[in-house]
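> coords please:
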Amino acid sequence: MVQFDEKLYFYLLGLIPVLFLLFLMVQVWKRTKQREFANARMLKKLAPEKSKFKASLKLMLFLLGIAFLVLALVNPKIGTKLETVKREGVDIVFAVDVSKSMLAEDIAPNRLEKAKRLVSQIINQLASDRIGIIAYAGQAFPQLPITTDYSAAKMFLQSMNTDMLSSQGTAINSAIDLASTYYNDEEQTNRVLFIVSDGEDHSEGNTLEALEKAVSQGIKVYTIGVGKIKGAPIPIKRNGVVESLKKNQEGEVVISRLNESVLTQIAATGNGSYVNGANTEDAVTFIKEELDKMDKKEFEAKQFAEYKDQFQWFLGIAIFFLFLDIFLLDRKTKWLKKLNLFNEHDNS
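Predicted coordinates:
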């Protein structure tokens, strides 16, 4: 497996076609000026040792040197062996509410960004637990299956927004049902679902039914509340500018409030706990303590280990080509001249 330290340097490869075009332009300009000065026969007599192909060869060597120098700057790394690492942990699924109510700004910068920050901080506290991510609004959507790749989890987490699901509303039951399919290890004794939401739920009795099914499968359901009880309007923005506020059918501005009673009931039914996420540090500490109390399941995860830098090889090749370019002269090479591979002898 190969990794690249500094992928940004790949953009420097764009210099190669630019330099090639400049070379062609210079060659055309030189030939034009030479023809103005003398005809081909006269130029041949004035510079009998000038090679016709050396300029192109020097350019090729120079461009190869630049290409390998860029690869050296990128610093490719190769995993030298595949190592099987034993891990102990809990299977954790985060169900993040991405309905429009999560755009309310009663908690900075808004509820959804706060939710993503909370989940990210929780992931930072994990050691070897497996995690999965679900986005839900009017329906649930699998964002990331169970994995130990925390970097990928954070990447998918940051890409979540309120426009990713076309069906609006808030169906917590759909998130619970989907989460139930994430736990693929029948021997895992601790399965945890964190629902991160403002507590709006349009699925009513279906949520309790989904919870009972989840509990029967050994899933503990925790809820994390984001928002404030006094609530806030839901801004409708375009290009980051508020155009209006969401209104109901009567034309009144909708005030979305944190519904702690719903989240508390869900957590109680799910054999878990509710925590208010207003204070990120307190919420993360509480969740970490809860996870530490749980029994850990041993499982294995394969990963590449001992990545080694390979830039030195590319740097060495780059220096080799650049030195060839410097010491290769424009005049004809004597032994190549004798072979006449490029028909450079004047037969006249």
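> Could you list the domains of the chain?
Domain ranges of the chain: 2-75+310-339, 84-302, per automatic domain parsing.
> what distance separates stretch 274-285 from the middle of the whole chain?
In terms of C-alpha atoms, centre = their mean, to the nearest Å, the centre of stretch 274-285 is set 27 Å apart from its chain centre.
> follow-up on the earlier one: take the domains of the chain and write them to TSV, including mean neighbour count and mean pLDDT.
Just so you know, the C-beta spots here come from the backbone N, C-alpha and C atoms, and that holds for glycine as well. Converted to TSV, the domains of the chain look like this (neighbours: other C-beta atoms under 10 Å; pLDDT from 0 to 100):
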stretch	mean neighbour count	mean pLDDT
domain 2-75+310-339	14	78
domain 84-302	18	90
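> Work out for me the element the most centrally placed residue in the chain sits within.
With the centre of the chain defined as its mean C-alpha position, the nearest residue by C-alpha atoms, centre = their mean is residue 155, 4.6 Å away. Element membership for residue 155 (DSSP states H and E) is helix 150-158.
> before we move on, what about residue 77?
Using DSSP H and E, the element containing residue 77 is strand 76-89.
> Show me the strands in the stretch 201-348 of the chain, by range?
With DSSP state E, counting those that start in this stretch as the criterion, the stretch 201-348 of the chain has strands at 219-225, 232-233, 235-238, 241-245, 255-256, 274-276, 297-309.
> who does the second one touch, helix- and strand-wise?
Right, the one you point to is strand 232-233. Helices and strands touching strand 232-233, as assessed by 3 or more C-beta pairs under 8 Å, 6 or more residues apart in numbering; DSSP states H and E, comprise strand 255-256.
> out of the strands of the stretch 201-348 of the chain, which comes closest to residue 2?
strand 297-309 (9.0 Å; C-beta to C-beta).
> which residues does the residue nearest to the centre of the chain contact?
Contact analysis of residue 155 by C-beta atoms under 8 Å, 6 or more residues apart in numbering lists nothing.
> where's the closest residue in space to residue 208 that isn't next to it in sequence relative to residue 19, distance?
Sequence neighbours aside, residue 269 is the residue nearest to residue 208 in space, at 6.3 Å (criterion: C-beta to C-beta, 6 or more residues apart in numbering). Here residue 269 is placed at a distance of 68 Å from residue 19 (C-beta to C-beta, to the nearest Å).
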